[in-house]
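Student: This is a predicted model, with the sequence first.
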Amino acid sequence: MKAGKHTCEVLKSIRKQIADSNGIAYTPSECTFSGECTGTCPNCERERQYLERQLSLKVNTGKMLKIIGVAAGLTSMVACQEVKAQDSQANENPQAFKWDFYDMSMGHMPGPPDYYETQLREMVEFISEFPEDIFQVVGHTDSRGSEQFNLKLSQKFADHLLGALIARGVDPSRIIAFGKGESDPVLPDAKEEFEHAVNRRCTLEFLVLEEDSIYENGQVDEPPQFPGGAEALELFLRNNVRYPADFEGCIKGRVNVSFVVEKDGSISNVEVLRGLHSLVDAEAVRVIKAMPKWIPAKHKGRVVRCRSVVPVLFRLY
């Protein structure tokens, strides 16, 4: 049996064990994926998401889960160990993965007393298997609340997990943390509370250092900076933002604009994350593109590309 197919069979067995132990109806489907299935094909993802929903529903109703550490971590760990071993033989670069970590306190949901420690222990053991790699912890929230609030909250999630891993012996220089807010949900159309709970999580991932990678602010040692700092940026925006000529200024608020600070400080990849109106959104993009060159980000002593988000305010005077 090929390595990928072996991994697929192992993961199906684990999913079956989780389902049976927790009284969840689940019959593994036959794998028809034509490539080297490592447990990440669309069919495997659907089965994983189904189990996550069912487990979250049970947690939300106060039911105790069995082998929850396996549900939250072991499936990902087995897949990642197999995938990384295969991929490293080919090009010595780890294949990206996401190990979801669910902290019951994020949703104020009851859970087994050993749930938290089980996940952390498995994560620490997994990190120790790859002493040459750098990891990142990424915080995620559900879509409720403002974007700015969710970014801050997701950073708190990530910082909390980072601190817990460091307290259990992980070298601080080998792991970084940043919040991603609501932008990467497991269930994009979440409506029920247990579905929102699935989106509130942290992920443990390999940090793949590539020459042209675009980093997030929380991933770098020195984030990009507007020349003169935050006060200078605020002054620039205040002096340059203009309501469109045919717009009466009846809308006020903030347009969040994302962009990449290139290695030479120039601005690229400008896009509106959350807007107000097409006319003012276009003005916000214009002002961001008109900014002078920034001081670029640095990571591990080298200049890197980095994404930033700036709120452009439209006020009524």
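Tutor: Structure's in. What do you need?
Student: For the nearest residue to residue 241 once chain neighbours are set aside, list the residues it contacts.
Tutor: Residue nearest to residue 241 in three dimensions, not counting chain neighbours: residue 287, with 5.5 Å by C-beta to C-beta, 6 or more residues apart in numbering. (Each C-beta comes from the backbone N, C-alpha and C, glycine too.) Contact analysis of residue 287 by C-beta atoms under 8 Å, 6 or more residues apart in numbering lists 237, 240-241, 312.
Student: In terms of helices and strands, where is residue 287?
Tutor: When secondary structure is defined using DSSP states H and E, the element that contains residue 287 is helix 278-289.
Student: Domain boundaries for this protein, per the record?
Tutor: The chain breaks down into these structural domains: 3-208, 230-314 (assignment by automatic domain parsing).
Student: Quick one: the helices in the stretch 151-300 of the chain, in order.
Tutor: Shown for the stretch 151-300 of the chain, the helices assigned by DSSP state H, counting those that start in this stretch span residues 193-199, 230-240, 278-289.
Student: Could you look over those helices and pick the most buried one?
Tutor: Ranked by average neighbour count under the criterion mean count of other C-beta atoms under 10 Å, the helices of the stretch 151-300 of the chain are headed by helix 193-199 at a mean of 20.
Student: now the strands for the stretch 201-317 of the chain?
Tutor: Across the stretch 201-317 of the chain, reading from the start of the chain, the strands by DSSP state E, counting those that start in this stretch fall at 201-206, 214-215, 253-261, 267-274, 297-299, 302-314.
Student: what's in contact with the second one?
Tutor: Looking back up the chat, that one is strand 214-215. Under the criterion C-beta under 8 Å, 6+ apart, external residues in contact with strand 214-215 comprise 260, 269, 297, 299, 304-307.
Student: quick one: strands adjacent to it?
Tutor: strand 302-314 (parallel) (DSSP bridges).
Student: Give the buried residues for the strand it pairs with.
Tutor: Within strand 302-314, the residues that count as buried by 16 or more other C-beta atoms under 10 Å are 303-310, 312, 314.
Student: and that strand, how far from the chain's centre?
Tutor: Centroid separation for strand 302-314 versus its chain: 18 Å, with C-alpha atoms, centre = their mean, to the nearest Å.
Student: residue ranges with poor pLDDT in the protein?
Tutor: 1-7, 10, 31-43, 45, 53, 55-97, 103-115, 208-211, 245-250, 316-317 (pLDDT under 70).
Student: which among the contacts of strand 214-215 gets closest to residue 127?
Tutor: The shortest separation between residue 127 and any of the contacts of strand 214-215 is 19.7 Å, and it belongs to residue 299 (by C-beta to C-beta).
Student: Torsion angles phi and psi at the residue nearest the centre of the chain?
Tutor: For the chain, residue 138 is the residue whose C-alpha lies nearest the centre (C-alpha atoms, centre = their mean; 4.4 Å). Main-chain torsions, residue 138, degrees, to the nearest 10: phi -120, psi 130.
Student: right, and it touches residue 183 too?
Tutor: No - under the criterion of C-beta atoms under 8 Å, residue 138 is not in contact with residue 183, lying 10.3 Å apart.
Student: If anything else comes up later, I'll come back, but that's it for now.
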